[in-house]
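In: the following comprises the amino acid sequence and a computationally predicted model.
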Amino acid sequence: GIFEVEDKEYIALLPLEEEEVLLYEYVELEDEEFDLLPIEDEDEFDLISEAFYALYSDEDLEEIEFDEDEEFEEDEELGND
């Protein structure tokens with residue numbers, strides 16, 4: 001679902017048959033189009049994941065793992081923060 005944190009919109013996607021929630025910044029464009037942007041900042045990601053859990057706390061969510069964007073993980077491996 002789409003939710004707002006600090007004047008930005010984010011979206012949580014749960015792929016079928018997966019136990020990971022994918023979090024992205026959600027940006028509405030013209031003509032009913034939208035863009036999903038990766039959350040690259042670790043502090044922002046932590047804030048968004050906490051907000052998601054607060055909004056959608058449920059027993060089913062306790063088993064879900066958050067999947068940080070691959071680009072963020074690659075930056076960490078390369079030492080880029």
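Out: Arrived safely. Numbers count the residues shown, from 1 in each chain.
In: got a list of what residue 34 touches?
Out: Contacts of residue 34 were listed using Cβ atoms under 8 Å, 6 or more residues apart in numbering, and they are 26, 27, 28. (Glycine included, C-beta is placed from N, CA and C.)
In: so which of those residues sit within strands?
Out: The strands in this structure, assigned by DSSP state E, contain 26, 27, 28 from the contacts of residue 34.
In: which residue comes closest to the second one once chain neighbours are left out?
Out: Which is residue 27. The shortest distance from residue 27 to any non-neighbouring residue, by Cβ to Cβ, 6 or more residues apart in numbering, is to residue 35 (4.6 Å).
In: distance check, the one you found against residue 41.
Out: Distance, residue 35 to residue 41, using Cβ to Cβ, to the nearest Å: 18 Å.
In: by neighbours, which of the ones in strands among the contacts of residue 34 wins?
Out: Ranked by the number of neighbours (other Cβ atoms under 10 Å), the ones in strands among the contacts of residue 34 place residue 26 first, at 18 neighbours.
In: would you agree residue 45 is in contact with residue 39?
Out: Yes. Here residue 45 lies in contact with residue 39, judged by Cβ atoms under 8 Å, at a distance of 4.6 Å.
In: can you pick out the residue with more neighbours from these two?
Out: Regarding residue 45 and residue 39, a neighbour count based on other Cβ under 10 Å identifies residue 39 as having more, with 22 against 17.
In: for that one, give its distance to residue 31.
Out: Separation of residue 39 from residue 31 (Cβ to Cβ) stands at 25 Å.
In: now do the buried residues in the longest helix along the chain.
Out: Scanning the chain for the longest helix, with DSSP state H as the assignment, gives helix 42-55. Burial within helix 42-55, assessed by neighbour count using 16 or more other Cβ atoms under 10 Å, is assigned to 44, 45, 48, 49, 51, 52, 53.
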